[in-house]
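Enquirer: Make a model of this:
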Amino acid sequence: QVQLVESGGGLVQAGGSQRLSCAASGRTVSSYVMAWFRQAPGKEREFVAAITSSAGSTSSADSVKGRFTISRDHAKNTVYLQMNSLLPEDTAVYYCAVAFIRWSMPQVSRARSYAYWGQGTQVTVSS
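Expert: Predicted structure coming up:
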């Protein structure tokens, strides 16, 4: 079992920045993928960004490229999402997820690839 706890959400003005954190505990293996997804009201959950356990590979959705950066602290078993130049359309509940899979696309961008999920943290961007 893996437990994930997100933090860092809240209200921010458009153009501002925010950093989300996700701390993982429980089962650990040598190779796994951590990712961020988001879900806005009335919309499906969508992929935001992913990173390997070694931080050797990352991927992000086109909608956030150049604005969001995913990173991780392996020693702390924590993944971060630095969000800059936030837009009102970034408003959503952001979820952290873990998958024990090999890094490959499009698998890492699919929600069904992930077995463990955090409770989510609300990010609201005001215009």
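
Enquirer: residue nearest the centroid of the protein?
Expert: Centroid-nearest residue in the chain: residue 36, 1.7 Å away (criterion: Cα atoms, centre = their mean).

Enquirer: what's the helix or strand for that residue?
Expert: Assessed by DSSP states H and E, residue 36 sits inside strand 33-39.

Enquirer: Return the list of helices and strands in contact with that strand.
Expert: With contacts defined as 3 or more Cβ pairs under 8 Å, 6 or more residues apart in numbering; DSSP states H and E, strand 33-39 has these neighbours: strand 18-26, strand 46-52, strand 68-73, strand 78-83, strand 92-99. C-beta coordinates here come from the backbone N, C-alpha and C atoms, glycine included.

Enquirer: how far does the last one sit from the chain's center?
Expert: The reference is to strand 92-99. 5 Å (Cα atoms, centre = their mean, to the nearest Å).

Enquirer: Just list what it packs against, helices and strands only.
Expert: strand 2-7, strand 18-26, strand 33-39, strand 116-117, strand 121-126.

Enquirer: Tell me which of these is the most buried.
Expert: Burial of the helices and strands packed on strand 92-99 is given as mean neighbour count (mean count of other Cβ atoms under 10 Å); strand 33-39 ranks first at a mean of 24.

Enquirer: Name the residues that touch that one?
Expert: If you take Cβ atoms under 8 Å, 6 or more residues apart in numbering as the criterion, strand 33-39 is touched by 20, 22, 24, 45-53, 70, 72, 79, 81, 90, 92-101, 103, 108, 111, 113-114, 120, 123.

Enquirer: Give the ChimeraX command for selecting the buried subset of those.
Expert: The ChimeraX selection below is limited to those of these classed as buried (16 or more other Cβ atoms under 10 Å):
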select :20,22,24,45,47,48,49,50,51,52,53,70,72,79,81,90,92,93,94,95,96,97,98,99,103,108,111,113,114,120,123
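
Enquirer: Where does pLDDT dip in this protein?
Expert: Flagging of the chain using pLDDT under 70 yields the residue ranges 28-31.

Enquirer: rerun at 80
Expert: 27-31, 53-56 (pLDDT under 80).

Enquirer: Reformat the helices and strands packed on strand 33-39 as JSON lines; add distance to residue 60.
Expert: Shown next, in JSON lines, are these (distance: least, Cβ to Cβ, whole Å):
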{"stretch": "strand 18-26", "distance to residue 60": "14"}
{"stretch": "strand 46-52", "distance to residue 60": "4"}
{"stretch": "strand 68-73", "distance to residue 60": "6"}
{"stretch": "strand 78-83", "distance to residue 60": "10"}
{"stretch": "strand 92-99", "distance to residue 60": "13"}
